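Participant: Fold the following and give me the result.
(4 chains)
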Number of protein chains: 2
Amino acid sequence: MGKQITEMLKGTLEGIVLALLASQPAYGYEITARLREKGFTEIAEGTIYALLVRIEQRGLVDVTKVPSPSGPPRKVYTLNERGRDELDEFWRTWSFLADRLQQLQGGK
Amino acid sequence: MGKQITEMLKGTLEGIVLALLASQPAYGYEITARLREKGFTEIAEGTIYALLVRIEQRGLVDVTKVPSPSGPPRKVYTLNERGRDELDEFWRTWSFLADRLQQLQGGK
DNA sequence: TACCAGTACATAGTAACGCTAGCTACCGTT
DNA sequence: AACGGTAGCTAGCGTTACTATGTACTGGTA
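Facilitator: Numbers count the residues shown, from 1 in each chain, chains lettered A, B, ... in the order given. Below is the predicted model of the structure:
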């Protein structure tokens, strides 16, 4: 895939990560791995860490530091109330866009 | 809607405009109006003109100047071969993303 | 011991894009 | 003359993903 996916991810990647965290808390390295499993093979690690910094600063997640058996300590992110609100809003916005694009794609 | 849609439109707005042009040629002012009809009420005119400049420079459209009965001359944009290729690629990328988001939204 | 791969986090600089806020200009009506 | 609708254009800004690189902890192996 090319640059199109890079631009499309702007605005959606945050929602994707919030959705992952909604199913269960996770740390950065783990999130990157999960995304790769789900088909997002080209997302750079650095992108995820930067995004996590942002959502932490906006107060969408709670953070705890947990020792790792196989490396440096992990920063585990848990979605909080505000994060869930933001995720709801994300799904509404996404649906708005997806509905309209489906119309465009199907009907002439 | 808030800032989420602004970020989400990055990458998709171009595809949306290409899709509009695929159904029939149009000029900037007209495209803005059509978008508003389709529910994209908050897209600024300036955004569309800048986008049209970009896709013209990338050679995705052919341009002809047509006199208007009610104002300055119109720049009519017609999707060409490369534009159609780009649009196909856009739909593939969009489907990739939409499929994965649907999985995320539905299944836990 | 030295090296390396895997794990885990972080950041400075860059490119791309939509938005804000303006501007010019043509036309018909008031 | 003034105004609203039509039509196009642009400089500067904020946000975001990517590139590239660095640090550091652990365990295995040459």
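Participant: Could you give the number of residues near A:Thr41?
Facilitator: Using other Cβ atoms under 10 Å in any protein chain shown, A:Thr41 has 9 neighbouring residues. The way it works is simple: take the backbone N, C-alpha and C, and place the C-beta from them, glycine included.
Participant: should've said A:Arg36
Facilitator: A:Arg36: 12 neighbours (other Cβ under 10 Å).
Participant: Let's verify it: helix, strand, or coil?
Facilitator: Put simply, A:Arg36 is helix when judged by DSSP: H, G, I helix; E, B strand; the rest coil.
Participant: got the buried residues for whichever strand or helix holds A:Thr32?
Facilitator: Per DSSP states H and E: A:Thr32 is located in helix A:28-37. The neighbour-count check on helix A:28-37 (16 or more other Cβ atoms under 10 Å in any protein chain shown) flags A:28-32, A:34-35 as buried.
Participant: And the residue of chain A closest to DNA strand D?
Facilitator: DNA strand D sits closest to A:Gly46 of chain A, with a gap of 2.7 Å, by Cβ to the nearest atom of the strand.
Participant: That residue: neighbouring residues, count only.
Facilitator: Based on other Cβ under 10 Å, the number of other residues close to A:Gly46 is 9.
Participant: quick one: it is in a helix?
Facilitator: Yes. Residue state for A:Gly46 (three-state DSSP) corresponds to a helix.
Participant: what sits against it?
Facilitator: For A:Gly46, the contact set (Cβ atoms under 8 Å, 6 or more residues apart in numbering or on different chains) is empty.
Participant: any idea how far it lies from A:Tyr27?
Facilitator: According to Cβ to Cβ, to the nearest Å, A:Gly46 stands 15 Å off from A:Tyr27.
Participant: A:Glu14 too?
Facilitator: A:Glu14 is 17 Å from A:Tyr27, by Cβ to Cβ.
Participant: of the two, who's got more company?
Facilitator: A:Glu14 (22 against 18).
Participant: Check the residue nearest to the spatial centre of chain A and give its pLDDT.
Facilitator: By Cα atoms, centre = their mean, chain A has its centre lying nearest to A:Val17, at 1.6 Å. pLDDT recorded at A:Val17 is 98.
Participant: in which helix or strand would I find it?
Facilitator: For A:Val17, the host element (DSSP H and E) is helix A:12-23.
Participant: That helix and chain B in contact?
Facilitator: Yes. Helix A:12-23 reaches chain B (Cβ under 8 Å from any Cβ of the partner chain) through A:12, A:14-16, A:19-20, A:23.
Participant: is that helix up against DNA strand C anywhere?
Facilitator: No. Contact of helix A:12-23 with DNA strand C (Cβ under 7 Å from any atom of the strand) is absent, the minimum separation being 12.5 Å.
Participant: What strand or helix carries A:Val76?
Facilitator: strand A:71-79.
Participant: Residues in contact with that strand: which ones?
Facilitator: A:18, A:21-22, A:25-31, A:52, A:55-56, A:60-68, A:87.
Participant: and if we set it to 7 Å?
Facilitator: If you take Cβ atoms under 7 Å, 6 or more residues apart in numbering or on different chains as the criterion, strand A:71-79 is touched by A:18, A:21-22, A:25-28, A:52, A:61-68.
Participant: buried subset of these?
Facilitator: By neighbour count, with 16+ other Cβ under 10 Å, the contacts of strand A:71-79 hold A:18, A:21-22, A:25-28, A:52, A:61 as buried.
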